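Participant: predicted model, plus sequence, below.
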Amino acid sequence: MNREQLQLYFIMGSQNVEEHDPIVVLEEALRGGITLFQFREKGENALTGEDKINFAKACKALCKKYNVPFIINDDVNLAIALDADGVHVGQDDANAIAIREKIGLDKILGVSTHSLTEVTAAINAGADYVGIGPVYATTSKSDANSPAGTILIEQTAATYPSLPIVGIGGITIDNCQTVIRAGADGVSLISAIATHEEPFVATRQLLHVLQQVAKIS
Ligand SMILES: Cc1ncc(COP(=O)(O)OP(=O)(O)O)c(N)n1
Ligand SMILES: Cc1ncsc1CCOP(=O)(O)O
Ligand SMILES: [Mg+2]
């Protein structure tokens, strides 16, 4: 994958939006310039069955319209059925080596990691990028680990300079530059866009701030 695609990586499920229609939120984020999208329909109030599949199809069609890769969280079979651009899995999900074998080499594989040992294993499994976090406290994932700051991002960037890295967890317009300066290629976030009153404005502002830090480094 192209590491620039990680710059502003938006994650959303229908359970993450408050007042808005999730499809409207996604289209606003796409119009605003997100560079990657992850479909994460999970947790309390999440859609299941046909409703989940239909919502995923609608999200995929919108991403296609804006030429933004469409990644599916956890559900490898859904990713294959919908011919998604990739899959993101964590340490408690299906084994990354088996997933790489199942999706083939043309699809994007992202793996969540919490230690350098897990990063090394993700590389060996054929991950295209690693997600590192939670960097800061988050309310969007009920079983998230404690906030770990940017140390692992720094260590990973120093150890594996060519590995694409995205930071995740509690990332906002006020702290996103710190995550990039630590060595991440981009930031991955839910609430900073999904619960903003104006998702388009939130996306434009985040992108602007991220472009500033990209120019400095
Ligand atoms: C980009 C990115 N990084 C990390 C995660 C978290 O994945 P995981 O630990 O499997 O937790 P769930 O998201 O499945 O609850 C992610 N989704 N995306
Ligand atoms: C999916 C996930 N994995 C680690 S933290 C997190 C949630 C990120 O959401 P937010 O950007 O709202 O903190
Ligand atoms: Mg997972």
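Facilitator: Everything's here; your move. In this text the structure is predicted, and so the values were computed from the model without any measurement. Ligands and ions are numbered 1, 2, ... in the order given.
Participant: poorly predicted segments of this protein, please.
Facilitator: For the chain, the stretches with pLDDT under 70 are 215-217.
Participant: get me the contact residues on it for ligand 1.
Facilitator: 9, 11, 38, 40, 42, 73-74, 88-90, 93, 110, 112, 131, 141, 166, 168, 188 (CB under 6 Å from any ligand atom). In this view, the C-beta of every residue, glycine as well, is placed from N, C-alpha and C.
Participant: quick one: which of these sit in strands?
Facilitator: Mapping the residues of the chain next to ligand 1 onto strands (DSSP state E) picks out 9, 11, 38, 73, 88, 89, 110, 112, 131, 166, 168, 188.
Participant: OK, contacts around the fourth one?
Facilitator: Translated: residue 73. Neighbour list for residue 73: 11, 38, 39, 40, 41, 42, 87, 88, 89 [criterion: CB atoms under 8 Å, 6 or more residues apart in numbering].
Participant: how near is the closest residue to it other than its chain neighbours to residue 144?
Facilitator: Spatial nearest neighbour of residue 73, excluding adjacent residues (CB to CB, 6 or more residues apart in numbering): residue 40 at 3.9 Å. Taking CB to CB, to the nearest Å as the criterion, residue 40 is separated from residue 144 by 13 Å.
Participant: ok, the two, which is more surrounded?
Facilitator: residue 40 (21 against 15; other CB atoms under 10 Å).
Participant: all helices for this structure, in order.
Facilitator: 22-32, 49-65, 76-82, 96-103, 116-125, 151-159, 176-181, 191-194, 199-216 (DSSP state H).
Participant: need the ones you listed in JSON lines (columns: distance to residue 135 and mean neighbour count).
Facilitator: Below are the helices of the chain laid out as JSON lines (distance: least, CB to CB, whole Å; neighbours: other CB atoms under 10 Å):
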{"stretch": "helix 22-32", "distance to residue 135": "20", "mean neighbour count": "20"}
{"stretch": "helix 49-65", "distance to residue 135": "25", "mean neighbour count": "15"}
{"stretch": "helix 76-82", "distance to residue 135": "26", "mean neighbour count": "17"}
{"stretch": "helix 96-103", "distance to residue 135": "21", "mean neighbour count": "17"}
{"stretch": "helix 116-125", "distance to residue 135": "15", "mean neighbour count": "17"}
{"stretch": "helix 151-159", "distance to residue 135": "7", "mean neighbour count": "17"}
{"stretch": "helix 176-181", "distance to residue 135": "6", "mean neighbour count": "21"}
{"stretch": "helix 191-194", "distance to residue 135": "13", "mean neighbour count": "23"}
{"stretch": "helix 199-216", "distance to residue 135": "15", "mean neighbour count": "16"}
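Participant: ok, which of those comes nearest residue 16?
Facilitator: helix 191-194 (4.2 Å; CB to CB).
Participant: contacting residues around residue 131?
Facilitator: Counting by CB under 8 Å, 6+ apart, residue 131 has contacts 88, 110, 111, 112, 113, 166, 167, 168, 188.
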